[in-house]
Structure formats: structure tokens, C-alpha cells
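*Asks:* Have a look; sequence and predicted model below, questions after that.
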Amino acid sequence: MRDRLTDAEPLIFGRYALYEELASGGMATVHLGRLLGTAGFSRTVAIKRLHPQFAKDPEFVTMFLDEARLAVRIQHPNVAQTFDVVAESGELLIVMEYIHGETASRLLKALKAPLAPDIAVSIVSGALHGLHAAHEAKSERGEPLGIVHRDVSPQNLIVGRDGVTRVLDFGIAKAAGRFHTTEDGKIKGKLAYMAPEQVRGEKVTRQTDVWAAGVVLWELLSGRRFARGDHPGQVVEQVLYGKPKKPSSIAAGVPAALDAIVLRALSRKPSERFATAKEMALALEAAHRPALASAVSAWVEEVAGGSLESRAQQLASVESSDSSEKMASLVQSLMADSAPGATQPSVFDAGATKPSSELPSGTLSGTDASALAAKRPRRAALGLLLLAVLGVGATVWALSAHGGRDAASATPRASVSATAPARASATSVPSVSATASVSATAGVSATASASAPEPPRPAPTRASAPPRQKPKPKVDCNPPFTFDAQGRKIYKRQCLE
């Protein structure tokens with residue numbers, strides 16, 4: 001792995017290529033990335049990279065891994081998906097879904113005005129549905145994780161070009177089973193979006209996220225910051241003691257029904273807020289029809305079209321580099337360890353001594369599969385032919401032990417047992433005619449064996465597996481012999497098999 005990131009050559013971490021920075025925070029930066037797969041497959045991803053100074057700090061590393069472990073348990077269209085975690089060369093990365101869009105904070109800043117109520121309702125209701133999925137998430141054992149985001153803000157809501165809002169960044173989320181825990185009395189999050197109980201360092205619940213969603217909705221409808229101040233103490237005072245204004249008192253066109261929902265979400269007592277994020281989302285959708293995703297998409301294009309177009313060009317440049325000779329070389333080097341080597345014994349190599357349970361992994365080509373399929377029936381046919389010939393030889397030997405006439409009749413059959421295997425091994429696929437001759441020999445009766453010898457038959461040139469025979473009727477083998485007209489003992493052939 002190289003130490004520097006340039007526009008021409010990305011950093012390679014395992015099967016991922018790291019490109020330019022998209023955003024930066026206090027703990028990590030987010031980069032544009034590509035998943036480099038086999039057979040030319042690749043995919044654009046977002047890669048969150050822990051700052052180098054924190055990658056050696058056990059506390060920050062634990063927080064970082066906790067974020068990925070929790071986020072992967074939340075499967076919902078309104079939550080940005082987490083795919084992978086990479087630890088390599090002292091770096092720690094979280095691989096996430098790439099969303100072509102802008103955060104609500106950038107959209108609000110670019111607009112410099114209140115949002116239309118239907119757009120605001122669509123954005124916040126989508127975020128609330130995603131938060132509800134997080135609150136309801138369960139562990140691998142089916143136990144509730146009790147996730148509380150604790151950092152719901154316009155910066156952590158991204159509105160995609162597809163018109164869908166997704167929740168980002170569960171880095172400081174509270175949850176059962178987290179390896180990193182917040183010390184008592186220590187608060188985390190953005191002060192302006194914290195609920196009163198969070199500011200006081202008290203227990204946080206899902207209603208804490210409901211408060212934060214109420215603040216976001218208030219700001220989108222009014223076009224202003226909810227808690228402002230030149231000093232953090234002033235922000236805290238407004239959160240704890242200030243009386244929220246109705247959005248309609250600041251911006252025209254806000255329905256009274258939305259005022260009521262915002263003020264309920266901003267109740268100082270958690271018990272007076274909406275019980276769940278989903279309850280608030282449904283109340284919003286009932287109070288004012290949210291804009292369709294297509295309308296939100298058009299609005300995002302209108303407000304942030306310039307930045308999105310610039311990023312689209314950046315994305316096109318990154319994606320086109322995958323097809324360059326340089327990227328092809330990187331992919332080949334990346335996959336060298338997993339691909340079967342030229343000197344490695346093939347699965348189909350007769351000289352390979354590797355057990356079948358430890359076959360090397362890899363893609364089976366059509367040619368290899370055909371070769372394998374052709375060998376299996378050939379070997380099976382030769383095995384069945386050998387069994388049939390051995391059965392004939394055993395029968396003839398038993399009959400030849402009881403009288404000269406039996407011995408004479410065994411002579412031509414012995415030639416079959418000696419010739420058929422040798423001829424069959426030299427041919428590729430046995431024929432039906434050879435099967436018929438072997439079956440006829442195996443089915444010779446005791447009476448025919450006692451007659452004059454037949455002229456020897458020519459050895460078959462092609463052999464195949466004998467067809468399935470019908471079950472023979474059972475013979476009484478008690479006693480296993482009979483007497484002929486001269487009083488000589490004749491053994492029943494079937495009783496000797």
C-alpha cells in the first residue's frame with residue numbers, strides 16, 4: 001500500500017481503492033472508493049477512514065468498530081448501509097453505501113430560505129422511519145439492541161438524487177452491548193440538537209432522537225437555527241429553558257397542524273413527546289401530504305445541481321479509471337493470491353494427489369466442466385463392464401468343476417474374460433452391442449453349459465455398462481443339486497452364484 005493519495009493513483013486497501021475526500025469530520029474523513037472484484041466487476045462505495053492519530057487510540061478504534069457493528073444490523077431504505085470493515089497497514093476503514101446527494105445542512109445553506117412544507121415533511125418523515133428501524137434493531141441472537149442515535153442533525157441526514165432521505169453516522173449511538181461506553185456525566189452530540197435530558201447527562205431513550213428530529217423539522221420549516229449563541233452556554237440555556245416558537249410565526253405558509261407536531265416533539269418531558277419515531281412520522285404524513293420522491297429529486301437538482309454535477313464528473317473519472325491498463329494491473333495484482341496459479345495442480349489433473357474435499361477454489365470453466373462430465377460416465381461404464389466379466393468368469397469356473405462337458409463349455413467364455421477388459425480400456429465410450437454380448441454370456445443356463453462348445457465369438461471392439469436386468473426368480477437351493485437320468489448329481493447353477 002502506498003502512503004500518499006493522488007488523483008492519478010488511488011490507495012489500495014485489500015480489495016478497495018481509496019480516492020478523493022468527500023467530507024471530513026473530527027474523527028474521520030469520507031472518501032470516494034471502488035470495490036475491485038473479479039472478472040471486471042467493480043462498484044462505487046463511500047469509505048470512512050479513521051484519522052491516523054486516532055487509529056492508534058484503543059478508545060477511538062473501539063468506537064469506530066462499534067459504529068460499523070451497529071449500523072450493519074439496521075436494514076432499512078432510509079439508513080445508509082454498511083458493507084465492510086478493513087484494518088490494514090495501521091489504517092481502519094468502514095466501507096459504506098455511496099449516495100449521490102447532499103446533506104440536509106448543505107441544502108438548507110444553499111437554499112437560504114425555508115423549505116416548502118411538503119419537501120420538509122418528506123425529508124423528516126423518511127429520517128424518522130429510518131430512526132425507528134434503528135430503535136427496533138436486534139442483535140444476531142434476536143435481542144433488542146436499544147440503539148439511540150444521539151446525533152440526529154441536518155449534517156447526518158443525506159437527501160439522495162433519488163429523492164430518498166437516509167440517516168448517517170451511528171458513531172456515537174448508544175446501544176446495548178457496545179464495547180465502548182460513555183462515562184457517566186459525559187455528553188456526546190451537537191448541543192443545538194440535544195434534548196434536555198441529554199444535555200443534563202441523564203438517560204437517553206428513543207424520545208431523545210424524536211426531540212432532535214423535531215429540531216430538524218423546525219429549522220427546515222423556518223429556515224433558521226433553533227438554538228443560537230456565541231457561546232455553548234447560551235445554546236445550553238436555550239435548550240433547557242427556552243420556549244420554542246411556532247415555525248409559522250417565522251415563515252409563512254406553515255400549516256397549524258405542522259406547528260402542533262413540532263411543538264409536541266419539542267416537549268421538555270420525554271413522556272409528552274411522540275412515543276416512537278414511527279408515530280411522529282405517521283402523524284406528519286397525516287397532517288400534510290409529503291412530496292413524492294420524484295418531486296424531492298427535482299428539488300435537490302434545483303438547489304444543489306452544481307455540486308452534484310461536479311461530483312458526477314469526479315465519479316465518472318474514478319469509474320473510467322477502472323477500465324484503464326493501470327487499474328487492470330492493480331486488480332490482477334490484488335487477485336493474484338486468490339487465483340489458482342499456473343503450476344498449481346488442476347482439479348482435473350489425474351496426477352494430483354489432493355483429496356477431493358480440499359479442491360482449490362475458483363471458477364469452473366465450461367471446458368473443464370465438460371471434461372469432468374465426460375470422464376465420470378466413462379469410468380463408471382468400465383467399472384460395470386469389469387464386474388460383469390468377473391461374474392461370467394466365476395460362473396464358468398463353478399460349472400467347469402463338475403464334469404468334462406462343463407469344462408469344455410467353459411473354454412470360449414474364458415476368452416471373453418481375458419479379452420474384454422483389455423479392449424474396453426483402450427476405447428473411449430462403451431457400445432450397446434458389447435453390453436448385449438456380455439449379458440448373453442452371463443445369462444447362459446445350466447442346460448446350454450452341458451452341450452457342445454460354441455465357436456468362440458469375436459471380442460467386442462467397444463464396451464459399455466450392462467443395462468439394468470430384471471430380477472431373476474428365486475431357485476430352491478435346498479438341496480442345491482438334482483440328479484439326471486443316469487443318477488449323476490447336477491448342481492443348480494443359481495445356487496453356486
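*Replies:* On my side now, so go ahead.

*Asks:* Quick one: classify Phe64 as helix, strand or coil.
*Replies:* The three-state label given to Phe64 by DSSP: H, G, I helix; E, B strand; the rest coil is helix.

*Asks:* residues near it, how many?
*Replies:* As a burial measure, Phe64 scores 26 neighbours (other CB atoms under 10 Å). All C-beta spots, glycine's among them, are computed from the backbone N, C-alpha and C.

*Asks:* Now do the contacts for the closest residue to it other than its chain neighbours.
*Replies:* Leaving aside its sequence neighbours, Phe64 sits nearest to Leu50 (CB to CB, 6 or more residues apart in numbering; 5.1 Å). Contact analysis of Leu50 by CB atoms under 8 Å, 6 or more residues apart in numbering lists 27-28, 60-61, 64, 91-93.

*Asks:* Can you pull out the low-pLDDT segments for this structure?
*Replies:* Low-confidence segments of the chain, defined by pLDDT under 70: 1-8, 175-189, 322-475, 483-489, 491, 496-497.

*Asks:* at 50 instead, please
*Replies:* Scanning the chain with the threshold set as pLDDT under 50 gives 1-4, 6, 177-185, 342-377, 396, 401-452.

*Asks:* which residues of it fall in strands?
*Replies:* Ranges of strands in the chain, per DSSP state E, are 11-13, 16-24, 28-36, 42-50, 82-88, 91-97, 101-103, 157-160, 165-167, 481-483, 489-491.

*Asks:* Switch those over to a markdown table; also include distance to Phe226.
*Replies:* Below are the strands of the chain laid out as a markdown table (distance: least, CB to CB, whole Å):
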| stretch | distance to Phe226 |
| --- | --- |
| strand 11-13 | 40 |
| strand 16-24 | 23 |
| strand 28-36 | 26 |
| strand 42-50 | 28 |
| strand 82-88 | 29 |
| strand 91-97 | 28 |
| strand 101-103 | 17 |
| strand 157-160 | 15 |
| strand 165-167 | 19 |
| strand 481-483 | 109 |
| strand 489-491 | 107 |
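
*Asks:* about what we covered before: now the buried members of the contacts of Leu50.
*Replies:* Buried members of the contacts of Leu50, scored by 16 or more other CB atoms under 10 Å, are 27-28, 60-61, 64, 92-93.

*Asks:* from the residues you listed, which is closest to Pro479?
*Replies:* Nearest to Pro479 among these: Leu93, at 84.8 Å, using CB to CB.

*Asks:* quick one: contacts for the closest one?
*Replies:* Residues counted as contacts of Leu93 (CB under 8 Å, 6+ apart) are 13, 16, 18, 47-50, 85-87.

*Asks:* Ser271: which of the strands of the chain is closest?
*Replies:* Smallest distance to Ser271 across the strands of the chain (CB to CB): 24.3 Å, for strand 165-167.

*Asks:* in the closest one, what's buried?
*Replies:* 165-167.

*Asks:* Relative to Tyr241, which of those residues is nearest.
*Replies:* Using CB to CB, the buried residues of strand 165-167 come closest to Tyr241 at Val167, 29.1 Å.

*Asks:* how many neighbours does the closest residue to the closest one other than its chain neighbours have?
*Replies:* Leaving aside its sequence neighbours, Val167 sits nearest to Gly130 (CB to CB, 6+ apart; 4.2 Å). By the measure other CB under 10 Å, the count of residues near Gly130 is 26.

*Asks:* What residues are bridge-paired with Met96?
*Replies:* Beta-bridge partners for Met96, by DSSP bridges, are Ala46, Thr82.

*Asks:* now, which of the contacts of Leu93 sits nearest Gly242?
*Replies:* Closest to Gly242, out of all of the contacts of Leu93 and judged by CB to CB, is Lys48, at 34.5 Å.

*Asks:* give the contact list for the closest one.
*Replies:* With CB under 8 Å, 6+ apart, Lys48 has these contacts: 28-31, 93-96.

*Asks:* Also Ala23?
*Replies:* Neighbouring residues of Ala23 by CB under 8 Å, 6+ apart: 29-30.

*Asks:* hmm, 10 Å instead?
*Replies:* Residues in contact with Ala23, defined by CB atoms under 10 Å, 6 or more residues apart in numbering, are 29-31, 46, 48, 103, 106, 155, 168.

*Asks:* with these in mind, which one is nearest to Ala71?
*Replies:* Using CB to CB, Leu168 comes nearest to Ala71 of the contacts of Ala23, at 9.3 Å.

*Asks:* What spatial separation is found between that closest one and Val45?
*Replies:* Noted for Leu168: a distance of 14 Å to Val45, by CB to CB, to the nearest Å.

*Asks:* When those two are compared, which one has more neighbours?
*Replies:* Leu168 (25 against 20).

*Asks:* In contact with the closest residue to that one other than its chain neighbours, which residues?
*Replies:* Closest residue in space to Leu168, ignoring its immediate chain neighbours: Asn156 at 4.6 Å, by CB to CB, 6+ apart. Contacts for Asn156 (CB under 10 Å, 6+ apart) come out as 80, 103-105, 127, 149, 166-171, 190, 193, 212, 216.

*Asks:* Looking at those residues, which is nearest Glu143?
*Replies:* Glu143 lies nearest to Phe170 out of these, by CB to CB, at 17.8 Å.

*Asks:* mind listing what the closest one touches?
*Replies:* Taking CB under 10 Å, 6+ apart, we find Phe170 in contact with 66-74, 79-80, 82, 134, 137, 147-151, 156.

*Asks:* quick one on the thing from earlier: just curious, which of the contacts of Asn156 is nearest to Phe54?
*Replies:* Nearest to Phe54 out of those is Gly171 (CB to CB; 11.4 Å).

*Asks:* Excluding sequence neighbours, find me the nearest residue to the closest one.
*Replies:* With CB to CB, 6+ apart as the criterion, Gly171 has its nearest non-adjacent residue at 4.5 Å, and that residue is Glu67.

*Asks:* Any quick PyMOL command for the buried ones out of the contacts of Phe170?
*Replies:* To isolate the buried members of the contacts of Phe170 in PyMOL, using 16+ other CB under 10 Å:
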select buried, resi 66+67+68+69+70+71+72+73+74+79+80+82+134+137+147+148+149+150+151+156
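
*Asks:* In helices only, show me the contacts of Phe170.
*Replies:* If you go by DSSP state H, those have 66-71, 134 in helices.

*Asks:* Arrange the residues you listed in JSON lines, one row each, with distance to Ile490 as further columns.
*Replies:* Output for the ones in helices among the contacts of Phe170, formatted as JSON lines (distance: CB to CB, whole Å):
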{"residue": "Asp66", "distance to Ile490": "89"}
{"residue": "Glu67", "distance to Ile490": "90"}
{"residue": "Ala68", "distance to Ile490": "85"}
{"residue": "Arg69", "distance to Ile490": "83"}
{"residue": "Leu70", "distance to Ile490": "87"}
{"residue": "Ala71", "distance to Ile490": "86"}
{"residue": "Ala134", "distance to Ile490": "89"}
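
*Asks:* related to what we said a few turns ago, quick one: the residue nearest to Phe64 from Leu35, how far?
*Replies:* 19 Å.

*Asks:* Okay then, goodbye and thanks.
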